[in-house]
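A.B. asks: based on what follows, work out the 3D shape:
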Amino acid sequence: MVLMKNFKGFYKGFTLITLLMFSLNLLANEKNNANNLTLTVEQKQIALQKLNSQEIALKYHDEVLTSSVVNYAYFSDTKWLERYNETAKLLDNIFLTLSQDNGAANTALLQQLKELNNKLLQIETDVINLVDIDESKAALNLLNSDEYRQLKVEYASTLEDYISFTRERVQNSSLPTNLLLASGIDLTPEEINYISNNIVRVGIEDWPPVIFTDDKGNAQGVGAEILHDVAAKTGLQFEFVHGDWQTMLAKFKVGDITLIPHAYATKERESFGFFSKPYYLSLIHI
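C.D. replies: Numbers count the residues shown, from 1 in each chain. Model (predicted):
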């Protein structure tokens, strides 16, 4: 969700529906201590699934690098060099993601893992350079050296330590990181803390098909589907408050409700709330 400027350049007769969010409530717990978070069973499962995927990717890409450089040393076929370079970029992206995802508790192990990987890459680069000057025998000797073999052993051992340490922290519900990825959504510690300790009150005035209440009292419509999707992907809980527009807007201004899912973006409203990107184009009959 972002703060939106006045919309210009759209065809007259159309307007854009947005989510209007109460800024103070959403940021109220931003400074709370998120070092010890209690995760739900579902959140633990998501975190562990992501961790397992990272472990598989780190092991797989490391082995692809090794097999590619070995084949390049034996056959001097550039297809193996291309595969090596592509995989090296993928592995670098994984380490970048891990650096962004993990907090101070895992920094030492992660840094050690990265340093070992860099040492392996340096030897493999030396191997490639030797092959390029027709020194394949020297290149293969380098791959068979005690130094290279020991680095591979240390890399595998450190990776196991890193994964075990992080898995234990997840299982103990003490997670000083934004390890959680729900359907590709990164959640910071502050966001996880907010989700765990707050229920977002949503103001609804029936306005089909954007949002309305069905016979069973459930929220329906385009806006409701977006909120249901947000809840499913993040764990955020919503409480729906029903009323007429003026009442909803008044409650919103004082923070009694946190979000209005069906609002036009206006300059005046920007002074007391944030607008999402527009999600529905409405035709105004003149």
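
A.B. asks: just the helices in this structure please.
C.D. replies: Along the chain, the stretches classed as helices by DSSP state H are 23-27, 41-75, 78-101, 107-132, 136-143, 146-171, 189-197, 222-234, 245-253.

A.B. asks: average model confidence for the shortest one?
C.D. replies: To tie it back to what came earlier, the one meant is helix 23-27. The average of the pLDDT scores along helix 23-27 is 39.

A.B. asks: likewise the fifth one?
C.D. replies: In this model, helix 136-143 carries a mean pLDDT of 94.

A.B. asks: of the helices of the chain, which stretch is the most buried?
C.D. replies: helix 189-197 (a mean of 19; mean count of other C-beta atoms under 10 Å). The way it works is simple: take the backbone N, C-alpha and C, and place the C-beta from them, glycine included.

A.B. asks: any stretches of the stretch 51-200 of the chain with poor pLDDT?
C.D. replies: Applying pLDDT under 70 to the stretch 51-200 of the chain flags the ranges 100-106, 172-187.

A.B. asks: just to revisit the earlier point, dump the helices of the chain into a markdown table; add distance to D206 as well.
C.D. replies: Listed next are these as a markdown table, based on distance: least, C-beta to C-beta, whole Å:
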| stretch | distance to D206 |
| --- | --- |
| helix 23-27 | 24 |
| helix 41-75 | 31 |
| helix 78-101 | 42 |
| helix 107-132 | 51 |
| helix 136-143 | 70 |
| helix 146-171 | 42 |
| helix 189-197 | 28 |
| helix 222-234 | 11 |
| helix 245-253 | 10 |
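
A.B. asks: out of these, which gets nearest to E268?
C.D. replies: helix 245-253 (10.8 Å; C-beta to C-beta).

A.B. asks: what packs against that closest one?
C.D. replies: strand 199-204, strand 259-264 (3 or more C-beta pairs under 8 Å, 6 or more residues apart in numbering; DSSP states H and E).

A.B. asks: what about N198, distance to L249?
C.D. replies: In this view, N198 and L249 are 21 Å apart by C-beta to C-beta, to the nearest Å.

A.B. asks: please apply the same query to S145.
C.D. replies: Distance from S145 to L249, by C-beta to C-beta: 72 Å.

A.B. asks: what do you get for V69?
C.D. replies: Taking C-beta to C-beta, one finds V69 at 64 Å from L249.

A.B. asks: which segments of this structure make up each domain?
C.D. replies: 14-29+198-283, 41-171 (automatic domain parsing).

A.B. asks: a markdown table please, covering the ones you listed and showing distance to I192.
C.D. replies: Shown next, in a markdown table, are these (distance: least, C-beta to C-beta, whole Å):
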| stretch | distance to I192 |
| --- | --- |
| domain 14-29+198-283 | 8 |
| domain 41-171 | 8 |
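
A.B. asks: T188 is nearest to which of the ones you listed?
C.D. replies: Taking the domains of the chain one by one with C-beta to C-beta, domain 41-171 is closest: 10.0 Å.

A.B. asks: OK, contacts around the closest residue to S136 other than its chain neighbours?
C.D. replies: Spatial nearest neighbour of S136, chain neighbours left out: A73 (5.8 Å); criterion: C-beta to C-beta, 6 or more residues apart in numbering. Each residue near A73 by C-beta atoms under 8 Å, 6 or more residues apart in numbering is listed here: 127, 130-131, 136, 139-140, 143.

A.B. asks: which single one of these is nearest to I260?
C.D. replies: V127 (61.2 Å).

A.B. asks: what distance do you get for the closest one to V254?
C.D. replies: Taking C-beta to C-beta, one finds V127 at 67 Å from V254.

A.B. asks: perfect, I'm done here.
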